[in-house]
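Enquirer: this one's structure only:
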Ligand SMILES: Nc1ncnc2c1ncn2[C@@H]1O[C@H](COP(=O)(O)OP(=O)(O)OP(=O)(O)O)[C@@H](O)[C@H]1O
Ligand SMILES: O=c1ccn([C@@H]2O[C@H](COP(=O)(O)O)[C@@H](O)[C@H]2O)c(=O)[nH]1
């Protein structure tokens, strides 16, 4: 059997995709399907660290946060990612996977704090590590948290699993004429202001020479294809 293309990856799971067809929150069958995808690649022996977004529950820049102090709204967003992380860890437990949630915000009665050497130890032991609460700082996003933690743990690639199947010339949900890139450089993605990820995340990955693969979390088998190095999604490279 062919081997996975990567030994250690940072998987960024879309919070928004967790809603499934619901208006907000966590759709049960959607999270179970995501976990099944994760289980499929975990059994290949790939070391997996996960950052999950919070867009299904709260975003600091959402209309619901209008009029709020931005930092306060962002802390609410980070707490939303803790809820998603707990739900993901529990769904993984039910699927027979062992995971550990580590939070960037002190909330020790609920989850353990992020301590880099401990995270590395868990990965080496074959546990899946879920990084909750983003970077722990307002004015950032979980995409940037994925770039940061991916760099810290020495991941070979950041895999952004989202609702679209790659990086397009414009938002494909708004522009029917948008075309998908097979590959694109960080500099081009930043210069063209492509909004699939924020510029801070792109810049950090560029500086750390950490490639990003953007692909669909909705498409069955896409995560495994990416892990096996098959043609899937868009590669963002230096
Ligand atoms: N040039 C582009 N190419 C692809 N998608 C784009 C582009 N510009 C904007 N988008 C939008 O970016 C979205 C993905 O990024 P976004 O941060 O909104 O979601 P997410 O990361 O999946 O969710 P969350 O932040 O909750 O984890 C896509 O659903 C798409 O509508
Ligand atoms: O490092 C971070 C990460 C996230 N936030 C806030 O949380 C929400 C949800 O994260 P998404 O990446 O949008 O899914 C985000 O909008 C911020 O409000 C943060 O402040 N810092």
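Expert: Arrived safely, thanks for sending. Please read these numbers as outputs of a predicted model, since none were measured by experiment. Residues are numbered from 1 along each chain as shown. Ligands and ions are numbered 1, 2, ... in the order given.
Enquirer: any idea which helix or strand comes after the helix ranked longest in the chain?
Expert: Identified as the longest helix of the chain according to DSSP state H is helix 70-94. Once helix 70-94 ends, the next helix or strand along the chain (criterion: DSSP states H and E) is strand 99-103.
Enquirer: hmm, back to that, taking their axis directions, the longest helix of the chain and strand 99-103 sit at what angle?
Expert: Angle of helix 70-94 versus strand 99-103, following axes from the mean of the first three to the mean of the last three C-alpha atoms, to 10 degrees, is 170 degrees.
Enquirer: Run through the neighbouring helices and strands of helix 70-94.
Expert: Here helix 70-94 touches helix 28-42, strand 47-52, strand 99-103, strand 128-132, going by 3 or more C-beta pairs under 8 Å, 6 or more residues apart in numbering; DSSP states H and E. From N, CA and C alone the C-beta is placed, and that goes for glycine too.
Enquirer: Now with 10 Å, please.
Expert: Using 3 or more C-beta pairs under 10 Å, 6 or more residues apart in numbering; DSSP states H and E, the elements in contact with helix 70-94 are strand 8-13, helix 28-42, strand 47-52, strand 99-103, strand 128-132, helix 142-152.
Enquirer: Wondering if that helix reaches ligand 1 at all.
Expert: No: figure legend: helix 70-94 not in contact with ligand 1 (C-beta under 6 Å from any ligand atom); closest approach 8.4 Å.
Enquirer: Which of the helices and strands packed on helix 70-94 sits closest to ligand 2?
Expert: For ligand 2, the closest of the helices and strands packed on helix 70-94 is helix 142-152, at 3.3 Å, according to C-beta to the nearest ligand atom.
Enquirer: and the angle from the closest one to helix 70-94?
Expert: Using the same axes, to 10 degrees: helix 142-152 against helix 70-94 is 60 degrees.
Enquirer: Is any residue of helix 142-152 near ligand 1?
Expert: Yes: using C-beta under 6 Å from any ligand atom, helix 142-152 reaches ligand 1 at residue 142.
Enquirer: returning to that earlier point: chain center to the longest helix of the chain, what's the gap?
Expert: From the chain centre to the centre of helix 70-94 is a distance of 12 Å (C-alpha atoms, centre = their mean, to the nearest Å).
Enquirer: what stretches of this protein score poorly on pLDDT?
Expert: Applying pLDDT under 70 to the chain picks out residues 1.
Enquirer: Run through the residues that contact residue 153.
Expert: 8-10, 47, 49, 116, 119-120, 122-123, 129, 131 (C-beta atoms under 10 Å, 6 or more residues apart in numbering).
Enquirer: and if we set it to 6 Å?
Expert: By C-beta atoms under 6 Å, 6 or more residues apart in numbering, residue 153 lies in contact with residue 49.
Enquirer: give me the number of residues near the closest residue to ligand 1 within the chain?
Expert: Of all residues in the chain, the one sitting closest to ligand 1 is residue 53 (1.9 Å; C-beta to the nearest ligand atom). Look at residue 53: counted by other C-beta atoms under 10 Å, it has 26 neighbours.
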